[in-house]
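S.K.: need a structure here:
(3 chains)
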Amino acid sequence: MTRTPTPDLPGSHPSLEVSGLAYAYPDGHQALFGVDLTVQPGERVAVLGPNGAGKTTLVLHLNGILTAGAGRVVVGGLPVARENLAEIRRRVGLVFQDPDDQLFMPTVREDVAFGPAAAGLRGPALEERVGEALELVGLADCAERPPHHLSYGQRRRVAVATVLASRPEILVLDEPSSNLDPSARRELADILRGLGTTVLMVTHDLPYALELCPRSVILSEGVVAADGPTVELLSDEPLLRRHRLELPYGFDPRSVPLPRP
Amino acid sequence: MHVPDGFFDAPVSLAAGAVAAGAVAVSLRGARRELDDRLTPLAGLVAAFVFAVQMINFPVGAGTSGHLMGGALAAILVGPYTAVLCLSVVLLIQALLFADGGLTALGVNITLLGVVAVLVAYPLFRLLTKTLPRRRSSVGVAAFVAALVSVPAAAVAFTGLFAIGGTADVPLGRVLAAMVGVHTAIGLGEAAITAMTVGAVLAVRPDLVHGARDLRRPLVLRTASGDAGAKAAPADTAATHAPTSPTTPAPPTGAAPGRRSVRPVWIAGLAASLLCAGVLSFYASQELDGLERVSTDHGIMEREREHDLADSPLADYELRDVDNGLLSGGTAGVLGVGVTLAVGTGVLLLVRRRNRTGPPATAVGGTSSGADAG
Amino acid sequence: MSTGHTHKLYRHGASPVHRLPAHCKILAVLAFVLLVVATPRAAMWAFGGYALLLAAVAVVARVPPGFWLRRMLIEVPFVAFAVLLPFVAEGPRVEWLGLSLSESGLWAAWNVLAKGTLGVAASVLLAATTEIRELLLGLERLGLPPVLVQIAAFMIRYLDVIADELRRMRIARASRGFTARGPRQWAVLAKSAGALFVRSYERGERVHLAMLSRGYTGTMPVIDRLTASTAQWAGAATLPLAALVLCLLGWLL
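M.R.: Presented below is the predicted three-dimensional model:
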């Protein structure tokens, strides 16, 4: 819990520490009531919760778009604060739910380059970053295409690449599986598993959480209501029901192979 | 459709370019102040909206249809500065990518369709919302009047430019009469659609209507009936209730779109189409961009146009005006000329005679247009 | 047509004209059109010369005449207008086939037609040989305020997305039996327009958040920058220079 920012030593701090985070929107509606969550480097954690549980609000705090009303957020040892915002936003790679919101540049290449370029990278170093990030999501040959000519699944993967290009400390995905067909879903899962980055995934797609994340937390009514191995949370049917979560019909979390940690 | 190259002489084109550049510069500063670093994404999306909304086809009846120019609408929704920027960008892209509107006439087009329309519509809208009772329907009335006036105002500006640097020797009075006549008609359609669109936004996200931001506080409800409109000001508008409101001649009560009554709108539309048809004989062709006619089935237009949207508006832009030009306009253009020949030089003026056979034919040429202000 | 941000006026190719940097081309076309507009209308041969110049460019750019002419249909509407001028203009009249035509009106019609057509033709050539993205980069290079260029870029990026929303709304309307026949239906269409605005604006807000999340601080990073060699400038200048000669001759002769 030291507060000195030492970005050069990844691993010496948790990737993400959220403590006592509370927030009310300007209109008075309070969405978070004291969230505590710590994610260690390399972990993949799912944040589960019904609509309206405050998931998106939480996500927007992680890179300082919303400012905590109370409590704090620390990313890799660096507190989220106005003076750190640029570095925080590099460290927290936020992938939005609708890739069309995220991909705002005319071509894939420029879009992926946006983050690193905003951080000052230029020329060959920039090209290398772009190539590397696109390689990671398997879309190196789409660099010159405009985003709207890609399939939805490809767009989602490019969206992941746009944040990977900044080499984030933690990848935060908002409903990564929404609107994906089964094969696109699997491709994305393969990519996320292969990254080795810390991943925080906000979803109500419980099987996807089980497939990808060994650990889950349930966010309900603005607080963390449960925190544990995904398979255990998903097997606790009363718990799920209390928080308006449901497994697909016939799905038994104990019968599927567990994700490797 | 927009003013092509060669319509105005070079000095006027350049001068209008300078005016447009100045207006854009001022707007850049103002919009920055309002939107901060949100400016580019928001203005970009709004520009895309303006571009797209121009492709929505509003049938006027009798096979005629119009579409929004959007100057007043943009000004009311996002404020004058951002509106000027959005319209300028739309016009720039239309000129560069689609050859719609001459490159040298870009300044003229931005000045007329962007600057003049916004400068007239927005202050008028603000004035009316301030003086009319604080009600949602008042916003509709204000939007209606602002849009209605903005269109002929642009036509007057067009005539002014024509007086200085027009390349045709047509008597000014005639140009003015024709332009203002036609544009008042077009303005009615523009006004009705603008008011209804603003009303639709107001119903869902009132906070997004820039021009009605002060209405956001809890409404002061008055028991008086709607007709209090003109003179009721004293009670609720605190400071500024100089009795300016009753002067507005326009049809606020009749067409109050906020009230959802369709009839006045329909009548307005009918009047618009009749007037247009009458005036069309000549200048219309230049202005009637707003109104296009398809000879056969009413449905066709909507299908055609919106079918274009099925693809990319970029890919199919040119079809917007040309398809009709081809389908109906090609022969109809000739027909229109024939009719004009028949009537001879006497037709010129904005005859209010509803030449029931002639005008529809010309109306097709109405696909046409050379200048825009509409 | 499916690679790059193409539009219908763009014609893929690798001709010398295609390869010219966009800012050179924009400037050349602008200068050309300005010279055309500044040419006295009585110098009819000069306009023929301009047309030949454009035709030469089209040959070099390998833009087939059919393609070119079809794209020029955008001007059809105002041709109709020009045709009317001789009937309404003032001044001495000439008799032709029993019609009384104004001489000055005839000249005005010729003037508008010739200049307008050349303007459209030049613009079509520019659009046919330049991709949208290049065009935007070119505009930026020419000193158009970056904010305007970005607004244009966002507009173009999201036009398809918004048109798609519009199309879905139309389908939803149609599925419930709605057809627009006249002003009675305007309220419904206006509701669509209003909804479209709200969606567009909200998307703009989300895009802004996405930009912030990736380190946007108010200025867009410059990722690509067009450059032009002297030879390319010279190549692009050929057209306006030739036009300048014609224009001067038009005034002198």
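
S.K.: Burial check on whichever residue of chain B sits closest to chain A, number of neighbours?
M.R.: At 6.9 Å from chain A, residue B:41 is the closest residue in chain B, using CB to the nearest CB. C-beta here means a position set from N, CA and C on the backbone, and glycine is covered the same way. Neighbourhood size, residue B:41 [other CB atoms under 10 Å in any protein chain shown]: 28.

S.K.: Is it within a helix or a strand, and which one?
M.R.: If you go by DSSP states H and E, residue B:41 is part of helix B:39-53.

S.K.: List the buried residues for that helix?
M.R.: Buried residues in helix B:39-53, counted by 16 or more other CB atoms under 10 Å in any protein chain shown: B:39-53.

S.K.: can you tell if it touches chain C?
M.R.: Yes: on the criterion CB under 8 Å from any CB of the partner chain, helix B:39-53 is in touch with chain C at B:39-49, B:51-53.

S.K.: before we move on, which element is the residue of chain A at minimum distance from chain B in?
M.R.: Distance from chain B to each residue of chain A (CB to the nearest CB) is smallest for residue A:104, at 6.9 Å. For residue A:104, there is no host helix or strand (DSSP H and E).

S.K.: now do the one 5 residues further on
M.R.: In this structure, residue A:109 sits in helix A:108-118 according to DSSP H and E.

S.K.: before we move on, back to that, contact partners for the residue of chain A closest to chain B?
M.R.: Contacts for residue A:104 were tallied using CB atoms under 8 Å, 6 or more residues apart in numbering or on different chains; they are A:111, B:41, C:154, C:157-158, C:207, C:210-211.

S.K.: right, is stretch B:74-84 up against chain C?
M.R.: Yes: against chain C, stretch B:74-84 shows contacts by CB under 8 Å from any CB at B:77-78.

S.K.: one step back: can you give the distance of the helix holding residue A:109 from its chain's centre?
M.R.: How far helix A:108-118 lies from its chain's middle: 19 Å, per CA atoms, centre = their mean, to the nearest Å.

S.K.: now do stretch A:77-88
M.R.: For stretch A:77-88, the separation from the chain centroid amounts to 18 Å (computed by CA atoms, centre = their mean).

S.K.: Output it as CSV, restricted to C-alpha atoms.
M.R.: This file holds the C-alpha atoms of stretch A:77-88, laid out as CSV (Å, rounded to 0.1, in the frame of the first residue of the first chain):
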residue,chain,number,x,y,z
GLY,A,77,0.6,1.8,-7.3
LEU,A,78,-0.4,5.0,-8.9
PRO,A,79,-3.5,6.7,-7.5
VAL,A,80,-6.1,7.9,-9.9
ALA,A,81,-5.9,11.7,-9.6
ARG,A,82,-6.0,14.6,-11.9
GLU,A,83,-2.2,15.0,-12.1
ASN,A,84,-1.7,11.3,-13.1
LEU,A,85,-4.5,11.1,-15.6
ALA,A,86,-2.4,10.6,-18.7
GLU,A,87,-0.4,7.8,-17.2
ILE,A,88,-3.5,6.2,-15.6
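
S.K.: And that stretch, what's buried?
M.R.: For stretch A:77-88, burial by neighbour count (16+ other CB under 10 Å) applies to A:77-78, A:80, A:84-85, A:87-88.

S.K.: That one and chain B in contact?
M.R.: No: Stretch A:77-88 lies out of reach of chain B by CB under 8 Å from any CB, never closer than 12.6 Å.

S.K.: coming back round to it: the helix holding residue A:109 vs chain C: in contact?
M.R.: Yes: for helix A:108-118, a contact with chain C is found by CB under 8 Å from any CB, at A:110, A:113-115, A:117-118.

S.K.: Show me what secondary structure element comes after that helix.
M.R.: helix A:123-136.

S.K.: Let me know the angle separating that following helix from helix A:108-118.
M.R.: With axes from the mean of the first three to the mean of the last three CA atoms, to 10 degrees as the basis, helix A:123-136 and helix A:108-118 are set at 120 degrees to each other.

S.K.: residues in contact with the following helix or strand past helix A:123-136?
M.R.: Following helix A:123-136 in sequence order, the next helix or strand is helix A:152-164 (DSSP H and E). Defining contact as CB under 8 Å, 6+ apart, one finds that helix A:152-164 is touched by A:93-96, A:99-100, A:102-103, A:108, A:111-112, A:114-115, A:132-134, A:136-139, A:142, A:147, A:150, A:171, A:173, A:176, A:179-181, A:183-185, A:187-188, A:191-192, A:195, A:197, C:213-214.

S.K.: All the strands of the stretch 1-150 of chain B, residue numbers only.
M.R.: Ranges of strands within the stretch 1-150 of chain B are B:58-61, B:64-66, based on DSSP state E, counting those that start in this stretch.

S.K.: Out of those, name the one with the poorest average pLDDT.
M.R.: Ranked by mean pLDDT, the strands of the stretch 1-150 of chain B bottom out at strand B:64-66, with a mean of 65.

S.K.: which stretches of the stretch 151-261 of chain A have low pLDDT?
M.R.: A:258-261 (pLDDT under 70).

S.K.: residue boundaries of the helices in it?
M.R.: All helices of the stretch 151-261 of chain A, identified by DSSP state H, counting those that start in this stretch, fall at A:152-164, A:182-195, A:206-212, A:230-235, A:237-242.

S.K.: Would you mind listing the buried residues in the first one?
M.R.: For helix A:152-164, burial by neighbour count (16+ other CB under 10 Å) applies to A:153-164.

S.K.: returning to that earlier point: quick check: of the buried residues of stretch A:77-88, which lies closest to residue B:131?
M.R.: Nearest to residue B:131 among the buried residues of stretch A:77-88, counting by CB to CB, is residue A:85 at 44.8 Å.
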